[in-house]
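[1] The following comprises the amino acid sequence and a computationally predicted model.
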Amino acid sequence: MPKIVRKTSPYLRRPKANVTRMMRDVFIALLPVTIFAIYKFGMAAVMIISVSILSMMAAEYIYYQLVDKLDDEKFKWKNKSFTLYNFSTITSGLIYALILPDATPWFVVMIGAVFGVVFGKLIFGGLGQNIFNPAALGRVFIVVSFGTLMTFDVDTVAGATPLGVINDDIFNLALLSDFSIMNLFTGMAIPGSIGEMSVILILIGGAYLALRTSFEVRIPIAFIGTVALLAGAVAIYKGISYEYVLFHVFSGGLIFGAIFMATDPITSPITMPGRIYFGFALGFLTFIIRIFGAYPEGVMFAILIMNMFVSSFDYYKWTNSKITRRQKIIFSIVILLSIAVTLVGVSYV
């Protein structure tokens, strides 16, 4: 009889894979955008990255030492629960830093980092048992709590300053004359969060993860594809240029969030169909928030909202490893309904 292994997420299909390798790969994939952030923002980026990583590391270390103290365990410098050794905390700290504006005060960076790792990870039992993405939770918390201290106000929830420009007139592309598609793709001359502006560097990191098989491609494809589909439907309905679709795809933290945050193996579904549905729901929520919500960006909010429903995607009674014909029909109907709902809503904007 085969041995049954009971463990918490992340669930890795490769026999020789482990959490350390996966987290290290994500850290390496983030290096291009990290270097670009330091090149563009200098010591401001260095400060944000340093404070973010150190704050998450310190919060986790102190938390587990307190837990050991309450359990009457003898003090040890090298705590058995500390995840510094598998790059988990370092990677979360770096991702959180890269989704912040360049002039975020150091104490706001620290508060968000501590809140994200404690309430997004540690109180659930630590790595593998959390339901929320710590970086996204920390980012949304400081936006809600310290919005007036953020450089570009709340429109930088995911660095979406071009989206912020058209927030009051979401179909007027003339307002985006200062933001060329090429600049959005390269990240040059575009304000925003320090690590989310250069689409090409984010894609390079994603390609590295794909080659290393440390990357779930279905989620970002479904996520980005859904936003593009809905933006395309709106563009046709409103008679707007195709550039409207490109602005939605390249602006804000869509691609960064889709590649580096939505694919978190702990807070995303396990099965192939579940991951496709998850990515679709993320894209739909993101676009709805962008068009109808008070915030011009919706990536972080969409990720946190859908994190709460991951267990539903993985519920054994309706979860399959493959998409059946019946599921394909139902999913197609859902896609058509989402387009219809979006267009009906747009007609009132």
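    Sure, I can see it. In this text, all values refer to a predicted model and were calculated from it rather than measured experimentally. Residues are numbered from 1 along each chain as shown.
[2] Can you report how many residues neighbour residue 211?
    11 (other Cβ atoms under 10 Å). Just so you know, the C-beta spots here come from the backbone N, C-alpha and C atoms, and that holds for glycine as well.
[3] for residue 344, same thing?
    Residues near residue 344, counting by other Cβ under 10 Å: 9.
[4] which element is it on?
    helix 325-346 (DSSP states H and E).
[5] same thing with residue 77?
    Following DSSP H and E, one finds residue 77 outside all helices and strands.
[6] Relative to residue 65, how far out is it?
    9 Å (Cβ to Cβ, to the nearest Å).
[7] Between these two, which has more neighbouring residues?
    Taking other Cβ under 10 Å, residue 77 and residue 65 do not tie; residue 65 has more neighbours (17 against 7).
[8] Provide a list of residues in contact with residue 201.
    Counting by Cβ atoms under 8 Å, 6 or more residues apart in numbering, residue 201 touches 32, 33, 36, 187.
[9] following the helix or strand containing it, which helix or strand shows up next?
    Secondary structure from DSSP H and E places residue 201 in helix 199-211. Following helix 199-211 in sequence order, the next helix or strand is helix 218-238 (DSSP H and E).
[10] Now that next one: buried residues?
    Across helix 218-238, burial judged by 16 or more other Cβ atoms under 10 Å covers 218-220, 222-235.
[11] Could I get the pLDDT score of residue 241?
    Residue 241 carries a pLDDT value of 80.
[12] do you know how far it is from residue 40?
    From residue 241 to residue 40 the distance is 29 Å (Cβ to Cβ).
[13] At which residues are the helices of the stretch 151-300 of the chain located?
    161-165, 181-186, 199-211, 218-238, 243-250, 254-256, 272-292, 299-307 (DSSP state H, counting those that start in this stretch).
[14] okay, the fourth one in PDB with CA atoms only?
    As requested, the backbone C-alpha atoms of helix 218-238 are provided in PDB (Å, rounded to 0.1, in the frame of the first residue of the first chain):
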ATOM      1  CA  ARG A 218      -3.000  28.900 -15.500                       C
ATOM      2  CA  ILE A 219      -3.900  31.500 -12.800                       C
ATOM      3  CA  PRO A 220      -2.100  34.500 -14.400                       C
ATOM      4  CA  ILE A 221      -3.300  33.500 -17.900                       C
ATOM      5  CA  ALA A 222      -6.900  33.300 -16.700                       C
ATOM      6  CA  PHE A 223      -6.500  36.500 -14.500                       C
ATOM      7  CA  ILE A 224      -5.000  38.700 -17.200                       C
ATOM      8  CA  GLY A 225      -7.100  37.100 -19.900                       C
ATOM      9  CA  THR A 226     -10.300  37.900 -18.100                       C
ATOM     10  CA  VAL A 227      -9.400  41.600 -17.600                       C
ATOM     11  CA  ALA A 228      -8.400  41.800 -21.300                       C
ATOM     12  CA  LEU A 229     -11.700  40.100 -22.400                       C
ATOM     13  CA  LEU A 230     -13.900  42.400 -20.300                       C
ATOM     14  CA  ALA A 231     -11.900  45.500 -21.300                       C
ATOM     15  CA  GLY A 232     -12.200  44.400 -25.000                       C
ATOM     16  CA  ALA A 233     -15.900  44.000 -24.700                       C
ATOM     17  CA  VAL A 234     -16.300  47.400 -23.100                       C
ATOM     18  CA  ALA A 235     -14.100  49.000 -25.800                       C
ATOM     19  CA  ILE A 236     -16.200  47.500 -28.600                       C
ATOM     20  CA  TYR A 237     -19.400  48.500 -26.800                       C
ATOM     21  CA  LYS A 238     -18.200  52.100 -26.300                       C
END
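[15] From here on, call the first residue 46.
    Sure, I'll start numbering at 46, so the last one becomes helix 263-283.
[16] tell me which strands and helices it is in contact with?
    If contacts are counted by 3 or more Cβ pairs under 8 Å, 6 or more residues apart in numbering; DSSP states H and E, helix 263-283 sits against helix 288-295, helix 299-301, helix 317-337, helix 370-391.
[17] Can you tell me which of those has the worst average pLDDT?
    Lowest mean pLDDT within the helices and strands packed on helix 263-283: helix 288-295, at a mean of 84.
[18] And the helices and strands packed on helix 263-283: which comes nearest residue 249?
    Among the helices and strands packed on helix 263-283, helix 299-301 comes nearest to residue 249, with 11.4 Å by Cβ to Cβ.
[19] Who are the packing partners of that closest one?
    helix 244-256, helix 263-283.
[20] Count the residues that sit near residue 183.
    Neighbours of residue 183 using other Cβ under 10 Å come to 33.
[21] Contact partners for it?
    141, 157, 158, 159, 160, 161, 162, 165.
[22] Those residues into CSV, with extra columns for distance to residue 257 and pLDDT?
    Below are those laid out as CSV (distance: Cβ to Cβ, whole Å; pLDDT from 0 to 100):
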residue, distance to residue 257, pLDDT
141, 22, 95
157, 29, 95
158, 27, 95
159, 31, 95
160, 31, 95
161, 26, 94
162, 25, 93
165, 26, 90
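[23] now, among those, which is nearest to residue 103?
    Nearest member of these to residue 103, counting by Cβ to Cβ, is residue 159, at 8.1 Å.
[24] Which residue, other than its chain neighbours, is closest to that closest one?
    With sequence-adjacent residues excluded and distances taken as Cβ to Cβ, 6 or more residues apart in numbering, residue 159 is closest to residue 104, at 4.5 Å.
[25] ditto for residue 226
    Closest to residue 226 by Cβ to Cβ, 6+ apart is residue 291, at 5.3 Å.
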